[in-house]
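[1] A predicted structure for the sequence below; I have some questions about it.
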Amino acid sequence: LAPHAPPAPHSRAFGTSAGCSSTFNVQDGSDFQDRVVNNPKPIVVDFHAQWCGPCKILGPRLEKMVAKQEGKVLMAKVDIDDHTDLAIEYEVSAVPTVLAMKNGDVVDKFVGIKDEDQLEAFLKKLIGA
């Protein structure tokens, strides 16, 4: 059991805590709509699953790379077993699938594991750096 309850949706302020403030877990479809689709910032959406080995490698690597961007890009984590509807809507057929979204539109995506150089290039392209 977790030592503390997860924060209620929408209660966390962005940019206050160092480290993982740029990453959040999607709670449901309306949360995804609010925090991803309607967000003015570029967002990386990590579709993953608890049972997925490659996801366990990619997730932390991607989080670290997103954190290095200092808030220029955010990362939403979507567990496909909890959010099958979102996985279907975004045509996720394998995990990990990572989408790059800007202004609610998917502008880029990849499936599988990438190394840090590839992730950096993916993020730079999304940010427009």
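    Received, thanks.
[2] list the contacts for the residue nearest to the spatial centre of the chain?
    Residue closest to the average C-alpha location in the chain (CA atoms, centre = their mean): A76, at 2.7 Å. By CB atoms under 8 Å, 6 or more residues apart in numbering, the contact set of A76 is 23-26, 32, 35-36, 43-46. Every C-beta, even on glycine, is put in place using the N, C-alpha and C of the backbone.
[3] what about the lengthiest helix in the chain, average pLDDT?
    Across the chain, the longest stretch assigned as helix under DSSP state H is helix 53-68. For helix 53-68, mean pLDDT rounds to 95.
[4] ditto for stretch 36-48
    Stretch 36-48 comes out at a mean pLDDT of 96.
[5] list the contacts of that stretch.
    Against stretch 36-48 from outside (CB under 8 Å, 6+ apart): 26, 55, 58-59, 62, 66, 71-80, 86-87, 90, 92, 95-104, 122-123, 126-128.
[6] could you pull out the helices for the protein?
    29-32, 53-68, 84-89, 116-127.
[7] most tightly surrounded among the ones you listed?
    Across these, averaging neighbours per residue (mean count of other CB atoms under 10 Å) puts helix 53-68 on top, at a mean of 17.
[8] compute the inter-axis angle for that helix and helix 116-127.
    Using axes from the mean of the first three to the mean of the last three CA atoms, to 10 degrees, the direction of helix 53-68 lies 60 degrees away from that of helix 116-127.
[9] how far out from the middle of the chain is helix 53-68?
    From the chain centre to the centre of helix 53-68 is a distance of 10 Å (CA atoms, centre = their mean, to the nearest Å).
[10] which outside residues touch that helix?
    Contacts for helix 53-68 (CB under 8 Å, 6+ apart): 19-20, 22-23, 44, 46, 48-49, 73-75, 77, 95-96, 98, 112-114, 116, 119-120, 123.
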